[in-house]
Every structure is written in C-alpha cells, then in structure tokens.
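# coords please:
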Amino acid sequence: MVTLAICETETVNDPKVSAVDVASFYCFTPLPDCAALVAPFGQICAAQRVKGTLLLAPEGINGTIAGTAAGVERVLSHIRTLPGCANLKARRARAATMPFHRMKVRLKTEIVTMGQPGLDPLTTGSYVAPQDWNALISDPATVVIDTRNDYEVRIGSFAAAVNPATPSFRDFPAWFRQHRDRLFAGDGAPKVAMFCTGGIRCEKATAFLISEGITNVHHLQGGILNYLESVPADDSLWTGECFVFDERVAVGHGLAPGSHELCRACRAPLGAGDRASELYVVGVSCPACHAERDDGQRAGYAERHRQAGLAAARGETHIGAVLPRRALD
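Numbers count the residues shown, from 1 in each chain. Prediction:
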C-alpha cells in the first residue's frame, strides 16, 4: 500500500468551520489510473477546508470527510464526475466539532482490504432495505453474519448475528472457510444475511461468498448506519451502539452520539464499565491493553496525555492525542 497524506491542515476547531457536516461514502468502480486522482482531490479538499480520509484504489473510492455543508457537497460533486460514481450516495451526519485533524488522500490496492486476488466487488448479493431487514433476520432459515471486526461487534450488534470475532476484515475469508460446514449444516441452499457499518464490507463479503458458491446472499443496504437512521428505536432489533471510525467513536438510534470513548493507548472503544475499571487510566491504558503494554510505553502515553492537556489549556488541539483506528481493515 502507498499512503499519501495531502494538505495537513490546522487544528480541529477551525474557526471558519462552525457547523460540521460529516459524509461517509464509497463506490466500487474501475479506476485504473487512480494515482492521477490523488493530487486533485487533495487540492479541492484544501480549497474547501474539508478534512478526513479518502481511499483510492483500482476498484473504487471510499471515504469519510467533514466540513461545512457546502464544502462537503463540493467535494462529493467532484467525486460524482468520476466514471461510475454519478449516483454516489453519501451518509450524512452532524458533529458538534470537527472530527478530523487533517485531510488524507491515500492510494491503496483495495478500498476495503480482504486480500482475495481476482475477486469482483461488483458481483454482490441482493440489497435489503432497512424496513425489510427485520423480517429477513428473524427467519430461522437465515444465517445472519456480522462482517465487522471484534472490537466493533463488542459494543453492539443484532442479537441474531454470528460474530466471527475477527481482528481484521482480511481474516474473514479464512474464518468463513473454517466454519462453513457448521454455518450451513442441514439440507437446502443456505440463505445468508450480512451487514456492516456502512455497507462497503458487505459488498466485498457477499462477493466473496458468491465466489465460494453461496448464491442466496443478501446484505443490509446502507449498513447499520442506514438502519439506525431509518428504523424507529421501538421497532429496531439492534442492541448497543455502532462504532464509527472518527472522533464520535459510536452512534445510536437516529445516529445520536453514543456513550463510548476511545482508549488513547490501544484505540479500543470504551464503555462506562471499561472506564470504571482500575486498569483504566485516561490517556494511558484500559482493560483491553493494560497487560499488553510495559511501563515504558505507559510512561510515553502519560507524557503524550500531559502534552495534550497543556495544548488544550492554550486553546489548541494536540494532534498526537488522537489515534483513530485504521479504516475498515
């Protein structure tokens, strides 16, 4: 993977960005000369004071960006000029403060890494609208699979779903092949329903299952975020919160801000119980990582946290204090 960081901008609380609009999107479409798109995207995002991450690969584009509504829309309009992206739909949300510190445009081999050469991400399962999702996953004949990573599933999921407990999406193919016989024990063609945060991993996951000979495959259109936004809480089968890959950490029904915070040492989402643990030290450690770090590492985290506090007292943001997880790996 080649990573290019474009236009590292100012602090999070940019005085010229008072109302923050957040847009998440993806599009699988052939972009054979995607390297040539990196610099123009960096330039337009800088001009519009938009921050976040854009991933470009021969298979398409994936990103989350934030800024003023007009600035974000200008960038989305530019994306829609790309081949195959004219109908790009973005998931929009609001944030109280800018959730990103800089703009990054990254060139990758895949926009969501599965590591299966030759897989066609345009050969996918059937979309299921959020309004029809409950009926599908409530059918006893349906195998429901959460395609997200273990730390995401831990804070929320659908009760009926199988949790692969994979640390990375690239582990999903091996998990499926190992557990295929158990998942589909019995007679008849298996019916599968899969879901993820915003829909992108489901595209790849359903394409993978089809390549493995499973044809009755479905996935939640727009992912969990679309479901939480579209389905009333009283009718919802979702429990917990949904992890998101920015400083909001997690959201709930109606995409309302969640209750989780990030551990600044290991980047795990922490609920109230985690933060009440004696192993939790703000900026230094949490129950998930305390045993995996030595005293020297914890001392380094403590100093970083101290520097972040000093920066906050000056009305600044210490960029090193923010360690977002790798997007969708």
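# ok, which stretches of the chain are helices?
Here the chain has its helices, by DSSP state H, at 38-47, 69-79, 130-138, 150-153, 172-183, 200-211, 223-230, 272-276, 295-313.
# tell me the most buried of those?
The highest mean neighbour count among the helices of the chain, using mean count of other Cβ atoms under 10 Å, belongs to helix 200-211: a mean of 24. For every residue, glycine as well, the C-beta is placed using N, CA and C.
# which residues touch Leu88?
Neighbouring residues of Leu88 by Cβ atoms under 8 Å, 6 or more residues apart in numbering: Phe25, Cys27, Leu76, Ile79, Arg80.
# And for Cys242?
Glu152, Ile155, Gly156, Thr197, Ile224, Leu225, Leu228, Ala250, Val251, Gly252, Gly258.
# wait, what's in contact with Lys204?
Applying Cβ under 8 Å, 6+ apart, the residues contacting Lys204 are Val112, Met114, Leu119, Pro121, Phe169.
# how many neighbours does the spatially closest residue to it that is not a sequence neighbour have?
Leaving aside its chain neighbours, Lys204 sits nearest to Met114 (5.1 Å; criterion: Cβ to Cβ, 6 or more residues apart in numbering). Met114 has 20 neighbours, counted by other Cβ atoms under 10 Å.
# What of the one 5 residues further on?
Each residue near Leu119 was counted by other Cβ under 10 Å, and the total is 16.
# now Thr239
Thr239 has 10 nearby residues by other Cβ under 10 Å.
# Against Pro167, how distant is it?
Per Cβ to Cβ, to the nearest Å, Thr239 is found 22 Å from Pro167.
# Can you show me the strands along the stretch 101-250 of the chain?
103-107, 126-128, 142-146, 156-158, 191-195, 217-220, 238-240, 242-243, 250-251 (DSSP state E, counting those that start in this stretch).
# helices and strands of the protein: which one bottoms out on pLDDT?
Least confident helix or strand, the chain: strand 2-4 with a mean of 46, by mean pLDDT, DSSP states H and E.
# so Thr53 sits right up against Gly63, yeah?
Yes - using Cβ atoms under 8 Å, Thr53 makes contact with Gly63 at a distance of 5.8 Å.
# So the two - more neighbours on which side?
Gly63 (25 against 20).
# For the residue lying closest to Thr206 once chain neighbours are set aside, give me the pLDDT.
In space, and not counting its chain neighbours, Thr206 is closest to Gly125: 3.4 Å by Cβ to Cβ, 6+ apart. Predicted confidence (pLDDT) for Gly125: 94.
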